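In: What follows is a predicted protein model with its sequence.
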Amino acid sequence: MLRREFVAPTLLVVVLSIQVQSEVPNDKLWDEIGASRNCPTSYPKHCPAQGKPSFQSTSEKSLFEKVCQRAGTESPKNRCAHVPHDHHGNFTCQCCGQPLFDVADKCESTTGWPSFSKTIGACIKPTGEVVCSKCGAHLGDYFNDPGWHEGASCYHNGVPARFCIDGICLKPEFDSVYGTSCTVDPCSYSDAVYFGNGPFSQTQYDFYGLERQAPFNRNINQITAIAGYAGSTREGSNQQVCYKGASNYGQLGHAEAVQVFLDPLPDMARDQFKTLVSKFFTTEFSNNTNPAYRSIIGIPGGMSGPYFSYIADANVNNLRLVSANEQMDEGLVYIYDSNEFGFYKAEQSHQYYKQDGYSNEYTIDVKSSAMQRKYVTPTCDEEGSSGSSNKVYLDAQCSLFSGPNYNEICPLGTNVYFGDGCFWHTQYDFYKVEREAPFNRSPEEVTAVTGYAGGKGSGPEDQICYHNGPRGTYYGDFDYAEAAMVKLDPGHEKEQFEALASKFFEEGFHVVNGKWSRWDPQDAGIEYRSIIGVPQGVEGPYFELIQKANIHNMTLLEGAGFGDLDYYGPTVYIYDSLKFPFYRAEQYHQFHPNWVMQRDLPNGYSMTASRAAKIRGIINMTCGEPGIASGVGLSNIEPACQSKLLVHPIPLTTTFMSHLMPTTTTFISQLITSVDSTSTIEMTTTQSLLDKGITTQGPGGTTKSQNSITYMLVGGFAGFFVIIAVLVLILRRSKNNIAHYSTVPNDDTQDCELEDIKMETIENEEEE
């Protein structure tokens, strides 16, 4: 189970990913904390009827199966991590109903996962893994520490003891408000609050920083701080409140403000609000008497609501807290009931505004994510605005946590890469994945290619190459590792990536000296470290899929591109492929015989797929390989996002050879087809045979032309010389990459234009 800790962003934003290995308690403590040592030897394939889990969605059921039945992990954002301590009852096993933990033994670990200092029905394996003592369902891990941050309280009789548990495997048996499981309903983020203190640009940046830390611990795809206008009930045309024009916010009595959504659980929402209000009162207050910049706070219920007491406690400078109908004056903070005085989202141009000292993560990554999720959209008079109301309702938060839209990151398709020792065997592993669902690609359509990734910088002509490449391009000198890249289809990114990640983790490692290590027995060093590259890395939507696929609980570290050591075994580096690109390897490294794993390869891989990849131009020669045409194959970089729709080759037997010799298309087509073991030779049509006077079948039986023997001999010799001529022609043209493509139609079933690629064509036969 991966436990990740985010460190607050500084001027140079650095996110550290920390993995703490599971531990076991000492003998005395083991007995005191109630943990059994006699654990079931396997995870449950099926849950008994009496403990049958109930889920709110199919995705929740899928998460349960991955985590509890296959020892995966879940996100630390969990409802049961912050259960109020005045509750009484037990958490039971979602699979079998066995009582596991008493609410009274719950502790605060500051990790985001439900944590306990004692158990009433769990078992600890020698590895530190925690499972149900009855059915063997995976629950989490045990650690001899109190937690991560200040305020961690996981102790048993003064001794650090922490059961760190995946909430999806727990079933609350004490309060219906938590439902039947501990996972978060995406639309249950019910409380929104807003603050204003002068121009909203600085406040939004401050609150973004708070959301990246505890007690929010949100990634860049979950930031909710949004700039807008609040403090009045008046609206302009189309129920809009805008920066300028007839619906100007100042003229309507609004002030600039920033809204943040809180988490649903009372104590978590309380801690988050206290963090926000503390920042608000310790920030220098604006003395601007312009009502549009007055200091305001909007909370559910206003001065009569549950949050007001926290405002009074945080008011260290004893500023006057007044209701909405007080006259404007200095030193006042206006308290509004956010249910009555709504919040209106500001224009897209005002969101995550760039100013000196603001991080690129904020001005680029967070803003891009908010736009992709349509949390930030054009409004008021901005180009692309729908002209509708810009008032923010509570259901707006559903888009924040309802799951990523993978297609919006790379609309035309995504390239992902994996490395696990020598890239020869990884390419073959992914070839096999692409041949099955959900890819269902033929050998001619496979996209897996070998290359180098995870490093920084490049050599001359923007090249990264093997040992014998041009001077200054050796991949090891730039801290790159060997990897294989695969293209994902638009709209199918999630299921296709899951298939690749599952193959990587389930079959890419085995146990050596008690640790999970890669199968490749020969290669070691940073050039062979285990890596995964996905858009946005650990902050992107693919990281959750990586966590779920990590069935061996290997250490997942955010890759830095330099200094990433090779631990040979249980460590995988995760790279943002938008920042750490993939460089395609030399052609002789593609579809290699795979000696390193000493396994036989089918002809579909070593012949059909290899030949088709060359013809399609996806493994062109590079890095100074012999035969590279002038101006071809300089930079070998492959972007993380595809710039064109994924295309598929037209069958070689119909189009490719027609450009070579139009008069012998049928004969050469048969020749090429006969080489492919998956095809069937179709000699010729009956009409062709009749034209040549060769044996045919007619109504009166078999007949033979008078000159059939002569024709057959002449035809045989002619065919032989045609074969020789064509082979010579092909050899002379071996430097060229010849391809014809058919494009995938778009959603409107309109034909797309042919792929705009550079390819060399063969001259007409007459010119030869």
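Out: Yep, it's here.
In: Let me know how buried the nearest residue to Phe281 once chain neighbours are set aside is, in neighbour terms.
Out: Of all residues not flanking Phe281 in the chain, Ala314 sits nearest, at 4.8 Å (C-beta to C-beta, 6 or more residues apart in numbering). Using the backbone N, CA and C atoms, a C-beta is placed for each residue, glycine as well. The local packing of Ala314 (other C-beta atoms under 10 Å) involves 18 other residues.
In: who's in contact with Ala314?
Out: 274, 277-278, 280-281 (C-beta atoms under 8 Å, 6 or more residues apart in numbering).
In: Drop anything exposed from these.
Out: Buried members of the contacts of Ala314, counted by 16 or more other C-beta atoms under 10 Å: 274, 277, 280-281.
In: ok, of the contacts of Ala314, which one's closest to Gly455?
Out: Looking at those and their distance to Gly455, the nearest is Ser278, at 42.3 Å (C-beta to C-beta).
In: Looks to me like the closest one is in a strand.
Out: No - read with DSSP: H, G, I helix; E, B strand; the rest coil, Ser278 is helix and lies in no strand.
In: separation between it and Tyr249?
Out: Distance from Ser278 to Tyr249, counting by C-beta to C-beta, to the nearest Å: 27 Å.
In: quick revisit: nearest to Gly231, of the buried ones among the contacts of Ala314?
Out: The nearest member of these to Gly231, counting by C-beta to C-beta, is Phe280 at 14.8 Å.
In: Would you enumerate the residues in contact with the closest one?
Out: Contacts of Phe280 (C-beta under 8 Å, 6+ apart): 195, 197, 297, 314.
In: try 7 Å
Out: Under the criterion of C-beta atoms under 7 Å, 6 or more residues apart in numbering, the contact list for Phe280 reads 195, 197.
In: on that earlier part again, tabulate the contacts of Ala314 (a markdown table), appending distance to Gln355.
Out: Shown next, in a markdown table, are the contacts of Ala314 (distance: C-beta to C-beta, whole Å):
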| residue | distance to Gln355 |
| --- | --- |
| Lys274 | 27 |
| Val277 | 24 |
| Ser278 | 23 |
| Phe280 | 19 |
| Phe281 | 23 |
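In: Redo those as TSV? Include distance to Lys345 and pLDDT.
Out: Listed next are those as TSV, based on distance: C-beta to C-beta, whole Å; pLDDT from 0 to 100:
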residue	distance to Lys345	pLDDT
Lys274	25	94
Val277	22	96
Ser278	25	95
Phe280	20	95
Phe281	25	93
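In: which among these gets closest to Ser386?
Out: Ranked by distance to Ser386 (C-beta to C-beta), these are led by Phe280 at 32.6 Å.
In: What's the separation between the closest one and Pro172?
Out: With C-beta to C-beta as the criterion, Phe280 and Pro172 are 34 Å apart.
In: still on that earlier bit, now, among the contacts of Ala314, which is nearest to Ala549?
Out: Taking the contacts of Ala314 together and measuring to Ala549 by C-beta to C-beta, the closest member is Lys274, at 37.1 Å.
In: doesn't the closest one fall inside a helix?
Out: Yes - applying three-state DSSP, one finds Lys274 inside a helix.
In: how about it, what does it touch?
Out: By C-beta under 7 Å, 6+ apart, the residues touching Lys274 are 310, 314.
In: so what's Ser36 bridging to?
Out: Applying DSSP bridges to Ser36 gives these bridge partners: Cys123.
In: how deep is it tucked in, by neighbour count?
Out: For Ser36, using other C-beta under 10 Å, the count is 16.
In: which intervals of the stretch 601-750 of the chain have sub-threshold pLDDT?
Out: 627-633, 643-750 (pLDDT under 70).
In: Tell me the bridge partners for Phe337.
Out: Slight slip there: residue 337 is Asp, not Phe. Ile299.
In: residues contacting it?
Out: Contacts of Asp337 (C-beta under 7 Å, 6+ apart): 301-302, 305.
In: mind checking how far it is from Val258?
Out: 18 Å.
In: repeat for Glu32
Out: Following C-beta to C-beta, the distance that separates Glu32 from Val258 is 48 Å.
In: Show me which of the two is the more surrounded one.
Out: Val258 (28 against 15).
In: My read is that the more buried one contacts Asp206, right?
Out: No - if you go by C-beta atoms under 7 Å, Val258 and Asp206 don't touch, sitting 8.3 Å apart.
In: From the buried ones among the contacts of Ala314, pick the one nearest Ala437.
Out: Closest to Ala437, out of all of the buried ones among the contacts of Ala314 and judged by C-beta to C-beta, is Lys274, at 49.7 Å.
In: which residue packs closest to Lys487, ignoring adjacent ones?
Out: That would be Thr447: by C-beta to C-beta, 6+ apart, it lies 4.1 Å from Lys487.
In: Now Phe101: which helix or strand?
Out: Assigned by DSSP states H and E, Phe101 belongs to strand 99-102.
In: Need the CA coordinates for that strand. PDB is fine.
Out: Extracted C-alpha coordinates of strand 99-102, given in PDB (Å, rounded to 0.1, in the frame of the first residue of the first chain):
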ATOM      1  CA  PRO A  99     -15.600  -7.000  13.600                       C
ATOM      2  CA  LEU A 100     -12.200  -5.400  13.000                       C
ATOM      3  CA  PHE A 101     -11.800  -2.100  14.800                       C
ATOM      4  CA  ASP A 102     -13.600  -0.200  17.600                       C
END
